[in-house]
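Colleague: below: sequence and its predicted model.
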Amino acid sequence: MRITEQQHQAILSAARRAFGPNVTVRLFGSRTNDQRKGGDFDLYVECDSDDADWLTRAKLRFLCELDRSTALAGEKVDVVLSTPLHREPRAIDQIARSEGVRL
């Protein structure tokens, strides 16, 4: 997994502040493969809220905090939310849950 301890802690801390202490974050995509180079941070965030407005604000808070983080300076971050609002399973859910690494 190509992520430093500082990046790991920055992501997890920002997620807990934005989404609450029960949030689950998984890193998936190219950053989970030590043999690959480059790539953005693909984050799969599982949250139990079903309030669409609150989730939108929380995701923006999360992204803003990551953008300000020195540990992630200049890194591209993609965030996929999984919430009770997503009743139908999506392909991205299966990929992130099966291949992702929980932070």
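Modeller: Yep, that arrived. Numbers count the residues shown, from 1 in each chain.

Colleague: could you check how far residue 29 is from residue 39?
Modeller: 6 Å (CB to CB, to the nearest Å). Any C-beta I mention is one placed from the backbone N, CA and C, and that applies to glycine too.

Colleague: between these two, who's got more neighbours?
Modeller: residue 29 (18 against 14; other CB atoms under 10 Å).

Colleague: residue contacts, that one?
Modeller: 39-40, 42, 78 (CB atoms under 8 Å, 6 or more residues apart in numbering).

Colleague: of these, which pair is most distant in space?
Modeller: Of all pairs drawn from these, the one with the longest distance (CB to CB) is 39 and 78, at 10.2 Å.

Colleague: about what we covered before: from the contacts of residue 29, which would you call buried?
Modeller: Buried members of the contacts of residue 29, counted by 16 or more other CB atoms under 10 Å: residue 42.

Colleague: return the member of the contacts of residue 29 nearest to residue 70.
Modeller: Residue 70 lies nearest to residue 40 out of the contacts of residue 29, by CB to CB, at 17.6 Å.

Colleague: please verify my assumption that residue 96 contacts residue 27.
Modeller: No: Residue 96 is beyond contact range of residue 27, at 9.1 Å (criterion: CB atoms under 8 Å).

Colleague: list the residue ranges of the protein that fall below the pLDDT cut-off.
Modeller: Within the chain, the set of residues satisfying pLDDT under 70 comprises 38.

Colleague: what sits against the one residue sitting closest to the centre of it?
Modeller: Closest residue to the average C-alpha location of the chain: residue 43 at 2.8 Å, with CA atoms, centre = their mean. Residue 43 sits next to 11, 15, 25-28, 77-80 when contact means CB under 8 Å, 6+ apart.

Colleague: just the strands in the chain please.
Modeller: 24-28, 41-46, 77-82, 101-102 (DSSP state E).

Colleague: just those: most buried one?
Modeller: Highest mean neighbour count among the strands of the chain (mean count of other CB atoms under 10 Å): strand 41-46, with a mean of 22.

Colleague: may I have it as CSV, with CA atoms only?
Modeller: Extracted in CSV, the C-alpha atoms of strand 41-46 (Å, rounded to 0.1, in the frame of the first residue of the first chain):
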residue,chain,number,x,y,z
PHE,A,41,-6.0,8.7,-3.6
ASP,A,42,-9.3,6.8,-4.1
LEU,A,43,-11.2,6.8,-0.9
TYR,A,44,-14.4,4.9,-0.2
VAL,A,45,-16.2,6.5,2.8
GLU,A,46,-18.9,4.5,4.6
